[in-house]
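[1] here is my input, please return the structure:
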Amino acid sequence: MNNMPTAVNARPTLMPRPWADWFNLPAYLLAWSIPGVAALSFYYLNQTLSAQPLNWSYAVISTLPNWYIWALLTPAILKLSQRWPLEQDSWKQVLLTVHIPALVVSMLIHSAVNLMLFRTTGLHDDITFGLYRVHFFTRIHANIFTYAAIVGLYSAWEYYRRYMTREAQTATLQVQLAQANLRALKMQIHPHFLFNTLHSIAALVRKGENKPAVNMLGQLGEFLRLALENKGQQEISLEQELDFLRRYLAIEQTRFGERLQVEVTMDEAVRGAYVPNLILQPIVENAIHHGISPSMQQGRIRIEARLEEGRVTMQVADNGPGLRNPERLKKGVGVGNTQERLENLYGRDQDFSFRNGSLGGLEVTIRVPFSTQPVMQLPPEVD
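    The predicted structure is shown next:
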């Protein structure tokens, strides 16, 4: 059986490139139009409030293209940011050797293209170095801010994406670890249960009680059939869990006969609630073999399941000698297995306790969240 966790791809995916996705192109251009429209509106208000004439050709050419030029430069800037990100240990070197030179080149290109637009539209008759220098220094502060905003927003997005990737990977690894733990713990149940059952059957055969031994073998086969039908399921409905438990108790009642009385009650409200698969069987097994078996008196086991404050409460009580050595009980296979499975499935949102109960013996209480669906979706086991 292959129980190895699925490998997780630790390499983060690259940020989607809006300039390469034509479906995002309208939104991309619209985003860059917003500061252009804001600059155009500011020009209009300034001219209106100062009672100066409006030159719409100059207004449009001097505002909107400034931002569309940055829209064309942004893919290259993002490429640089992907190739040389501002990491904690190297951001100074990257800033000095990559981004400051790229900033200067971007501003030179921006001023050149902007000036060519003025020349093409007839707003300037000729392109001179002096005119170019004026264009360059007029928008130097705005261009520095724009370049820094592009790199800063990309870096913030990249850090956020990496954080979310790590969170997702951590959650995946935790689920895989829980899956491995749950399967390992569940694998302990079957050998432990089978060993005790087969030991009982062998004892019946040695006593010459062949008919009870054959009945117990048949009941064991039915129990295993039901268990195999739910192979790989860590959680099943409470109704199925109690059905399993009744199969197990039928095996034990074959051995104990009238010495063992069992009472099972379940509220209708929790019939379809999901609980850990075979969570009650080891508890009942402990009750029988440590509470009932050592005594020659008639043993009684009471199993209850009910809904309390949004949680499923399951109790197993016996009339045995009760709690004498709590530390020894905690070290048992059934108790330790149950605690680990509950913690793996529900974390702190569960409760497992035991005490001397109303029947005079041990009373074990398990509380899990009420849910009509498995709380942990795990992939099925692979043979």
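[2] mean confidence for the longest strand seen in the chain?
    When the chain is parsed with DSSP state E, its longest strand is strand 299-308. Mean pLDDT, strand 299-308: 94.
[3] and the next helix or strand after that strand, what other elements does it pack with?
    Under the assignment DSSP states H and E, the closest C-terminal helix or strand after strand 299-308 is strand 311-318. Judged by 3 or more Cβ pairs under 8 Å, 6 or more residues apart in numbering; DSSP states H and E, the packing partners of strand 311-318 are strand 299-308, strand 362-369. C-betas here are computed from N, CA, C, even on glycine.
[4] dump strand 311-318 to CSV, restricted to CA.
    As requested, C-alpha coordinates have been extracted for strand 311-318 and formatted as CSV (Å, rounded to 0.1, in the frame of the first residue of the first chain):
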residue,chain,number,x,y,z
ARG,A,311,-21.2,18.7,19.4
VAL,A,312,-21.7,14.9,19.2
THR,A,313,-21.2,13.4,22.6
MET,A,314,-20.4,9.7,22.8
GLN,A,315,-20.1,7.9,26.1
VAL,A,316,-19.1,4.3,27.0
ALA,A,317,-19.7,3.3,30.6
ASP,A,318,-19.2,-0.1,32.3
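[5] and that strand, which strands flank it?
    Neighbouring strands of strand 311-318 in its sheet, by DSSP bridges, are strand 299-308 (antiparallel), strand 362-369 (antiparallel).
[6] using a markdown table, please lay out those strands together with mean neighbour count and distance to residue 238.
    Written out in a markdown table, the entries for those read as follows (neighbours: other Cβ atoms under 10 Å; distance: least, Cβ to Cβ, whole Å):
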| stretch | mean neighbour count | distance to residue 238 |
| --- | --- | --- |
| strand 299-308 | 19 | 6 |
| strand 362-369 | 21 | 10 |
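[7] residue 262 is nearest to which of those?
    Judged by Cβ to Cβ, the one of these that comes nearest to residue 262 is strand 299-308, at 5.1 Å.
[8] return the distance of the closest one from the chain's centre.
    The chain centroid and the centroid of strand 299-308 are separated by 34 Å, computed with Cα atoms, centre = their mean, to the nearest Å.
[9] among the helices and strands packed on strand 311-318, which is nearest residue 352?
    Proximity of the helices and strands packed on strand 311-318 to residue 352 was assessed by Cβ to Cβ; the nearest stretch is strand 362-369, lying at 5.6 Å.
[10] so after the worst-scoring helix or strand of the chain on mean pLDDT, what's the next helix or strand?
    Each helix and strand of the chain was given a mean pLDDT (mean pLDDT, DSSP states H and E); the minimum falls on helix 326-330 at a mean of 58. Going down the chain from helix 326-330, the next helix or strand is helix 333-346, by DSSP H and E.
[11] quick one: mean pLDDT for that next one?
    Rounded to a whole number, the mean pLDDT of helix 333-346 is 76.
[12] list the buried ones in that helix?
    334, 335, 337, 338, 341, 342, 344, 345, 346 (16 or more other Cβ atoms under 10 Å).
[13] same question for stretch 309-324.
    Along stretch 309-324, the positions that meet the burial threshold by neighbour count (16+ other Cβ under 10 Å) are 311, 312, 313, 314, 315, 316, 317, 318, 319, 320, 322.
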